[in-house]
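[1] Predicted model and sequence follow; I will ask about them next.
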Amino acid sequence: MSCYYHRPGPVSPQSIPRHNQKLCRSPQGPWVRRHLVVNQFDQGLADWPWTFAYLPFEHSKDLADQDKSVELLNQLSAESSVEVATAHRDTIVRFARFPHHNEMVGRTSTPEEE
């Protein structure tokens, strides 16, 4: 599943519905991100939009998506984006989730996550 909220901080109504305090999720997200890459729609983009096109991979909790994010951004030679994507991937490897979302979704952080 894709998470569209990226960092701790102000939360927009588009990111998190006020009344249910759950992260927005798109059931179409996994299909869309794979469709984009498999059909090479990303290949027609100028350099800077690629980073945005690959965000669903970077914000996924699926390790294969995280690996794909790092791979795709490495192909762009987008060093700062690769560093961020690698940090996201390392977080998923370590915790299998994004601990900075815990408070927003009403989940208690483990001692290791704090």
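    Perfect, thanks for sending it.
[2] quick one: residue 96 and residue 62, what's the gap?
    10 Å (CB to CB, to the nearest Å). Backbone N, C-alpha and C define where each C-beta goes, glycine included.
[3] Can you pick out the residue with more neighbours from the two?
    Neighbour count, other CB atoms under 10 Å: between residue 96 and residue 62, residue 62 has more, with 16 against 10.
[4] How much space separates that one from residue 77?
    As judged by CB to CB, residue 62 and residue 77 stand 25 Å apart.
[5] How about residue 97?
    From residue 97 to residue 77 the distance is 30 Å (CB to CB).
[6] any idea of the mean pLDDT for stretch 75-88?
    Per-region confidence: stretch 75-88 scores 85 on mean pLDDT.
[7] Just the C-alphas of that stretch, formatted as PDB.
    Provided in PDB are the C-alpha atoms of stretch 75-88 (Å, rounded to 0.1, in the frame of the first residue of the first chain):
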ATOM      1  CA  GLN A  75      19.200   5.100 -12.700                       C
ATOM      2  CA  LEU A  76      18.500   8.800 -12.600                       C
ATOM      3  CA  SER A  77      21.700   9.500 -10.800                       C
ATOM      4  CA  ALA A  78      19.500  11.600  -8.400                       C
ATOM      5  CA  GLU A  79      21.900  11.400  -5.400                       C
ATOM      6  CA  SER A  80      19.800  13.300  -2.900                       C
ATOM      7  CA  SER A  81      16.600  11.300  -3.900                       C
ATOM      8  CA  VAL A  82      18.600   8.000  -3.700                       C
ATOM      9  CA  GLU A  83      19.700   8.900  -0.100                       C
ATOM     10  CA  VAL A  84      16.100   9.600   1.000                       C
ATOM     11  CA  ALA A  85      14.800   6.400  -0.800                       C
ATOM     12  CA  THR A  86      17.600   4.300   0.800                       C
ATOM     13  CA  ALA A  87      16.700   5.700   4.200                       C
ATOM     14  CA  HIS A  88      13.000   4.800   3.600                       C
END
